[in-house]
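In: here is a sequence with its predicted model. Questions after.
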Amino acid sequence: MNRELTVHDVVVAGIAVAAGLAAALVLRVILKWLGERAGRTRWNGDDIIVDALRALVPWAAIVGGAAVAASVLPLDPGVGRNVTMTLTAVLIMAATFTAARIVAGLVQALAQSKSGVAGSATIFVNITRVVVSAIGFLVVLETLGVSIAPLLTALGVGGLAVALALQDTLANLFAGVHILASRTVQPGHYIRLSSGEEGYVVDINWRNTVVRTLSENLVIIPNTKLSGTNMTNYHRPEQHMTLSVQAGVGYDSDLDHVERVTAEVVKSVMADVDGAVPDHEPAIRFHTFGDSRIGFTVILGVGEFSDQYRIKHEFIKRLHRRYRDEGISIPAPTRNIAVQQGELPIPHQRSASAPMAVPTQGIPME
C-alpha cells in the first residue's frame, strides 16, 4: 500500500460496489422490458441480441463497480495490476460468451429462415460458437500476460497429428459443410438414398445427418455417405410433385365417358383433400390393351411427398364409388382352361419292350 487504509476508502469502495450492483439490477429490468418489446417484432434477431445482453450488461456493471472500488483502495501496484487484469479477463470472458451466443443465434435464425422449417443446421451454429469462444480465450490469455505465440505454434504442429487421428470426423465435418454450402439438402427436405434410406432431414450436424422416416423413427447417416451416394431430393427443384395411379376398365366401356368421369373425380380430390394441388389439371392417358381390360394412367397433383398416400387413398375410394354409380365395370383378370381328352402314355415297364397308348377312359385292369 502507498498509504494506510482509512474508513473513507472503505466507504467509497463500498459505495462503488453497491452502485455497480444497483446498476446491474436496473439494467436487467430495462433489458427485460426491451425483450418484451423485441418479442413483438417479426425479426428474431433482436430477441437474440437482447436476451444475450441480459447476461452481459449486469456483469459489466458489477465488474465496473469492482474496478472503481479497487482504484479507490490504496493497493500495492502489483496487487492493483493483478486485480485489474482479473477483472478485465472476467469482463472479456463474459463478452466472449455473449458474442458467441449472439452470433450463433443469428446463424441459427438465418438457417431457419432459409430452410423454412423448425429444424436447423447446427453444424454452422457449432462452428461459429467454437470459433468465437476460441478467439475470446486467446484474448484472455494475452490480457493475463500469457504469450499465445508458442501456443499457436504448438497447435499448428499438433494439428497435423490431430487431423490424422480424426480423419473420419473431419471428413464428415467438411462433407456436412459442403452439403449445406451447395444447398443440395436442407433441413425439412424429403430425401431417398440409393441404399434405401428415406425421410425428412431433421438436422445436419458436424458428423452426421439425422433423417426422420414416415414411421417417426430417426435414421443417422454419416455426412460422407450422404454426399457420396446417389440421392433423390423430393423438394428440389420444387416441392410439388405428381403421382401416377394405374387403373383399367372393361372393353365394353365408353372411353370418352370413362375419361370424363375420371377427370371429375380427380378435380374433386384436388379440391377437397388436404395436401392436394387445387389448380392441378387432370391427366388421363390410356396406354394398354390388356388381357381383360384397357389400362390407363391417372396423374394427380401432390403438395409434398408424404401427402401422396392420403391423396391416393381418397382417389381410389371415390373413383370406385363413381364407377359403380356410372355402371363402369372394372373387370378382374380371367383365364379359360381347356382340358382335352386323349391318350395317356404308359411309362416304360421292365417287362415291356416299347410303350403302349391306351384311352384315358376305361383303362382295363389286369
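Out: Done, it's in. Numbering: from 1, shown residues only.

In: show me where pLDDT drops low in the stretch 151-300 of the chain?
Out: Across the stretch 151-300 of the chain, residues meeting the criterion (pLDDT under 70) sit at 151-167.

In: quick one, helices of it?
Out: For the stretch 151-300 of the chain, applying DSSP state H, counting those that start in this stretch gives helices covering 167-182, 223-227, 255-272.

In: and these, which is most packed in?
Out: Comparing the helices of the stretch 151-300 of the chain by mean neighbour count (mean count of other C-beta atoms under 10 Å), helix 223-227 ranks first with a mean of 20. Quick note: C-beta positions are derived from backbone N, CA and C, even for glycine.

In: which secondary structure elements does that one contact?
Out: Helix 223-227 sits against helix 167-182, strand 208-212, with contacts defined as 3 or more C-beta pairs under 8 Å, 6 or more residues apart in numbering; DSSP states H and E.

In: including distance to residue 12, could the ones you listed go into JSON lines?
Out: Converted to JSON lines, the helices and strands packed on helix 223-227 look like this (distance: least, C-beta to C-beta, whole Å):
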{"stretch": "helix 167-182", "distance to residue 12": "54"}
{"stretch": "strand 208-212", "distance to residue 12": "58"}
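
In: quick check: mean pLDDT of stretch 42-52?
Out: Taken as a whole, stretch 42-52 has a mean pLDDT of 72.

In: who touches that stretch?
Out: For stretch 42-52, contacts defined as C-beta atoms under 8 Å, 6 or more residues apart in numbering pick out 31, 34-35, 38-39, 41, 98, 101-102, 105-106, 109, 112.

In: residue 317: which of the helices and strands packed on helix 223-227 is closest?
Out: Each of the helices and strands packed on helix 223-227 was scored for nearness to residue 317 using C-beta to C-beta, and the closest is strand 208-212 (28.3 Å).

In: each with direction, which strands does the closest one pair with?
Out: strand 198-204 (antiparallel), strand 218-222 (antiparallel) (DSSP bridges).

In: out of those, which one sits most buried?
Out: strand 198-204 (a mean of 21).

In: angle of it against helix 167-182?
Out: If you take axes from the mean of the first three to the mean of the last three C-alpha atoms, to 10 degrees, strand 198-204 sits at 100 degrees to helix 167-182.

In: measure how far strand 198-204 is from the centre of its chain, please.
Out: Mean C-alpha position of strand 198-204 versus that of the full chain (C-alpha atoms, centre = their mean, to the nearest Å) differs by 4 Å.

In: so what touches it?
Out: With C-beta under 8 Å, 6+ apart as the criterion, strand 198-204 contacts 119-123, 176, 179-180, 185-192, 209-214, 218-219, 223.

In: same check on stretch 170-177?
Out: 123-124, 127, 163, 204-209, 222-224, 226-228.

In: and those residues, which is closest to residue 310?
Out: Among the contacts of stretch 170-177, and counting by C-beta to C-beta, the member closest to residue 310 is residue 209, at 26.7 Å.

In: who's in contact with the closest one?
Out: Contacts of residue 209 by C-beta under 8 Å, 6+ apart are 176, 179, 185, 201, 203, 220-223, 226.

In: swap in 7 Å and give it another go.
Out: 201, 221, 223, 226 (C-beta atoms under 7 Å, 6 or more residues apart in numbering).

In: could you do residue 312 as well?
Out: With C-beta under 7 Å, 6+ apart, residue 312 has these contacts: 243, 245.

In: tell me which helix or strand it sits in.
Out: Element membership of residue 312, judged by DSSP states H and E, is helix 308-326.

In: now that helix against helix 255-272, angle please.
Out: 140 degrees.
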